[in-house]
Structures are given as C-alpha cells and as structure tokens.
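1. have a look at this fold, sequence not included:
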C-alpha cells in the first residue's frame, strides 16, 4: 500500500486554479460566449478552455481518473464470478 502524502499549500492552490480554469472554460463554451470552433482560430478556444486545463489537472493528480472510475463502477459481488449457468 502506498502512503498518502499530504498536499502542500502550493499544490492545493495550483489544483484550485486549474479547477477554476476548467470550470470557467466550460462555462464559456456552454454559454457560447466563446465558440468552440472558428474559421480564424480553428479549435484553439476549445484547447485552451478545456484540453489544456485537463492536461494540467492530470499532471497534478495522475490518480484522479482511476479514483473517478472507481466511484462510478458498481461494486460487484465476489461470489457471482464463479457461477456458471448451464
């Protein structure tokens, strides 16, 4: 088992700033204040408002996708795996 290391205040502030960036970018794209694709810029707004903060978030918290998937998956019963129906 790995021992969890307490996050430093700098790490926590970077995480908070990244989440604010991601939520703000998502809000701007959802409300169409900034279009997702333009002729002049292409997909650049979508990259800087969604993809870039997601990459920073994954760099700060590499275990986050596994934690989210673990929460989403229903817990399976261990006794059901060995049952074979004939």
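-> Sure thing, it's come through. These numbers come from a predicted model, not from an experiment.

2. mind giving me the packing neighbours of the host helix or strand of residue 29?
-> Assessed by DSSP states H and E, residue 29 sits inside helix 9-30. Secondary-structure packing of helix 9-30 (3 or more C-beta pairs under 8 Å, 6 or more residues apart in numbering; DSSP states H and E): helix 52-60. (Glycine included, C-beta is placed from N, CA and C.)

3. report the buried residues of the helix it packs on.
-> Going by neighbour count (16 or more other C-beta atoms under 10 Å), the buried part of helix 52-60 is 53, 56, 57, 60.

4. tilt between that helix and helix 9-30?
-> 150 degrees (axes from the mean of the first three to the mean of the last three C-alpha atoms, to 10 degrees).

5. next, the angle helix 52-60 makes with the helix or strand that helix 52-60 is followed by.
-> Once the chain leaves helix 52-60, the next helix or strand it forms, by DSSP H and E, is helix 64-72. If you take the same axes, to 10 degrees, helix 64-72 sits at 90 degrees to helix 52-60.

6. what's the spacing between helix 64-72 and its chain's center?
-> When C-alpha coordinates are averaged (C-alpha atoms, centre = their mean, to the nearest Å), helix 64-72 and its chain have centres 10 Å apart.
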